[in-house]
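K.L.:
could you look at this predicted model? Sequence included:
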Amino acid sequence: KIITSTPPKQNKVHHMLVLRRHLITPLITRSTTTRPILNHTKTNKYNQKENYLSTMKFLTGLRLWCIPLILTTTIVSSSDAGFVSPSSSSSSHTNCEEQPSNTATATTCKESSANNNPTTTTTTLSATTTRGGGAETNNINDDLLKTTKADRYGVVHPIETNELIEHSISKFDDVVMNVIKDDVKVGLKKAQKICPDFVNSKEHKLMFLRCESFDVQPAAERYANYWNKRIELFGEQKACLPSLSLDDALKGDEAALNVGFAKLLDGTDDMGRALMWIDPANLDGSKYSHESMTRAMWYIIHAALESETAQQKGIVFLVYIGNDPPMSAFDRPLIKMISESVSYYIPLRAGAIHIFPTPLVFTVLLNIIKFVLGSRLRKMIQVSSGSNEKIMKKLDGLGVDGDLLPIEVGGKFKLDHDKWLMERRNAGK
């Protein structure tokens, strides 16, 4: 039965074709070898399978390269306080107006007539929100808040003075006490009872004001939301420690910290922004929980925010996808938790996001997506393809010194995350 399972006629044809291929065809002078007719069906099926696999590989690759962009746009788009539209960044304009952001903040800027300094603008920030049917307005005096001209990413930076800081903190306290609802301040009130000196310190509040470019209303809201989330993630006792240290607040999260998903590089860009290296290929959800990795990200970001300049100017995220991260690395629940923390809780200014290296076809697609997202994200999100030399040259033109980058992309910095963690642990951080 096994021998006769194939029709005899087919076996005969098969043998004839084999005879033709190996005996008759070599005797005939031809430019190409004749293929057996019987194999056409197999070849077509093989080609269909290959086309299917190629299509799926392309679609998977498209998702793979687009997910970092989606993540970073979520992070950047939540904070518009320091952004100036391209028309307003030109020194030839004497005034400009920016549309109200999600925080109902209207910004009007004009050139300062007091000092005739073309690199400085005077900005009025007002926050109007409805609370319980009423409206609360918190204005910063025109003469107090002055900002630099928009930088290469379209962001302006407040020029801090003692008068501005004192006035802003006074307004900040008023909003926290009288405007923010009690149900939003649950975590904040707990923290004020457990660690009042830390929570109510001037330095702590100033981080939130800097994050929102001294726009008092959103800064106060972020302050309240921050403590709700911090207590949720770390628990009351650990959350209320003066600092998130490895041996205390992060005890038990060693696995998430050691994978090296996010690493803080030495040095800054030419504007003083901290540099954070992100490598999604290092993610491995089998080693940690979502909450543990989120706590690890809080720790690393807070380490960057120990620098006052990083609080003022922000952080540059360098998203490296050259290690071919698998699709499993892009854990959507984890990405959501991290992006929400950066967008709504941690007092962080996202200075810029660089994604590299990307294949040329994906670079074109991502640039099209950036165009749809608007001028703010076009400036702040940079996608690079090509060789390491080409990428480093582009980064250097955007203020990131190539010597500060890891060796694997042609820089001079040796990534040693374990050493960095050990040094911080020895310092009690």
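P.N.:
In hand now; what should we look at?

K.L.:
all helices for the stretch 151-300 of the chain, in order.
P.N.:
Ranges of helices in the stretch 151-300 of the chain, per DSSP state H, counting those that start in this stretch, are 162-178, 186-194, 196-199, 202-211, 216-234, 236-239, 254-258, 290-304.

K.L.:
buried set for the fifth one?
P.N.:
In other words, helix 216-234. 216-231, 233-234 (16 or more other CB atoms under 10 Å). Every C-beta, even on glycine, is put in place using the N, C-alpha and C of the backbone.

K.L.:
likewise for stretch 308-324?
P.N.:
Neighbour counts over stretch 308-324 (16+ other CB under 10 Å) mark Ala310, Gln311, Gln312, Lys313, Gly314, Ile315, Val316, Phe317, Leu318, Val319, Tyr320, Ile321 as buried.

K.L.:
now the strands for this structure?
P.N.:
95-98, 105-111, 120-131, 134-139, 146-148, 158-159, 262-268, 274-278, 315-320, 350-356, 381-383 (DSSP state E).

K.L.:
and the longest one, average pLDDT?
P.N.:
If I follow you right, that is strand 120-131. Averaging pLDDT along strand 120-131 yields 40.

K.L.:
buried residues in stretch 192-212?
P.N.:
Neighbour counts over stretch 192-212 (16+ other CB under 10 Å) mark Gln192, Cys195, Val199, Lys205, Leu206, Met207, Phe208, Leu209, Arg210, Cys211, Glu212 as buried.

K.L.:
dump that stretch to PDB, keeping only the CA atoms.
P.N.:
The C-alpha coordinates for stretch 192-212 follow below in PDB (Å, rounded to 0.1, in the frame of the first residue of the first chain):
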ATOM      1  CA  GLN A 192       2.800  65.900  53.700                       C
ATOM      2  CA  LYS A 193       2.100  64.100  57.000                       C
ATOM      3  CA  ILE A 194       4.900  61.600  56.700                       C
ATOM      4  CA  CYS A 195       7.700  63.700  55.200                       C
ATOM      5  CA  PRO A 196       6.600  67.400  55.300                       C
ATOM      6  CA  ASP A 197      10.100  68.800  55.100                       C
ATOM      7  CA  PHE A 198      10.800  67.000  51.800                       C
ATOM      8  CA  VAL A 199       7.400  67.400  50.100                       C
ATOM      9  CA  ASN A 200       7.100  71.100  51.000                       C
ATOM     10  CA  SER A 201      10.700  72.100  50.300                       C
ATOM     11  CA  LYS A 202      11.300  74.900  47.800                       C
ATOM     12  CA  GLU A 203      13.700  72.700  45.800                       C
ATOM     13  CA  HIS A 204      11.100  70.000  45.300                       C
ATOM     14  CA  LYS A 205       8.400  72.400  44.200                       C
ATOM     15  CA  LEU A 206      10.800  74.100  41.900                       C
ATOM     16  CA  MET A 207      11.300  70.900  39.900                       C
ATOM     17  CA  PHE A 208       7.600  71.000  38.900                       C
ATOM     18  CA  LEU A 209       7.600  74.700  38.000                       C
ATOM     19  CA  ARG A 210      10.700  74.200  35.800                       C
ATOM     20  CA  CYS A 211       9.000  71.200  34.100                       C
ATOM     21  CA  GLU A 212       6.000  73.300  33.100                       C
END
